[in-house]
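Enquirer: Next input, structure requested:
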Amino acid sequence: MAKVKQMKPETTNDWESKSVEELESLMKEKNELSETLVKEMSEREYEIDFKNTKILNSLIKFLEKDAPWGHTTATGLIMLYHNMREQKEVAKAKDWNGIVKLRAANTTILWTMVTKMTGSGFYEAKSFVELMAQVGESLSTAVQKCHTDNQELRDVHTELSKLEDLIASKNAKDLVEGPKEEATK
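Expert: Presented below is the predicted three-dimensional model:
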């Protein structure tokens, strides 16, 4: 998947001298970029190295039986579980290299689930430490990459907000002052 090339960010100062029509055109471009980024990000996958099927199966079992959820997290748990089950099938291949591919949302959901894991007793603690030793660094790296990728979209949305405010301000100013007459030659 080709990464979208973002337009050179302009500053609000650059926009001040533009007409409302130019700003609306720029806003249309930024909206199209936003749509493209959203589509790309929904399809993007992040690799997490589980190293072996034992760790993968242990995590899937946790998701099936012990993962905490609430009314705001139930859907995320279901999405993550299905994505992990897909990867369990991939892990059955003889040439599986330990890599699990998760979509962006599932990467952050997994991070949240793992960091909120609790248990009781020595054996559950041991299993958790093994999981984090095997997967923790790779998962942390994937989550950081996901956050970096999401920043591009947040930046575009910030620019869109500034453009909307500037257009509204210019339109309000035109209402108060009236339309500008072109200079006569």
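Enquirer: what's the longest helix in this protein?
Expert: helix 122-177 (DSSP state H).
Enquirer: Counting by contacts, list what that one packs against.
Expert: helix 12-16, helix 20-43, strand 45-49, helix 53-65, helix 104-115 (3 or more CB pairs under 8 Å, 6 or more residues apart in numbering; DSSP states H and E). The way it works is simple: take the backbone N, C-alpha and C, and place the C-beta from them, glycine included.
Enquirer: distance of the residue nearest the centre of the chain from residue 138?
Expert: When CA atoms, centre = their mean is applied to the chain, the residue found nearest the centroid is residue 150 (4.4 Å). As judged by CB to CB, to the nearest Å, residue 150 and residue 138 stand 19 Å apart.
Enquirer: what do you get for residue 84?
Expert: Between residue 84 and residue 138 the computed distance is 15 Å (CB to CB).
Enquirer: more neighbours, the two?
Expert: Neighbour count, other CB atoms under 10 Å: between residue 84 and residue 138, residue 84 has more, with 21 against 18.
Enquirer: right, and the more buried one touches residue 100 too?
Expert: Yes. Applying CB atoms under 8 Å, one finds residue 84 in contact with residue 100, separated by 7.3 Å.
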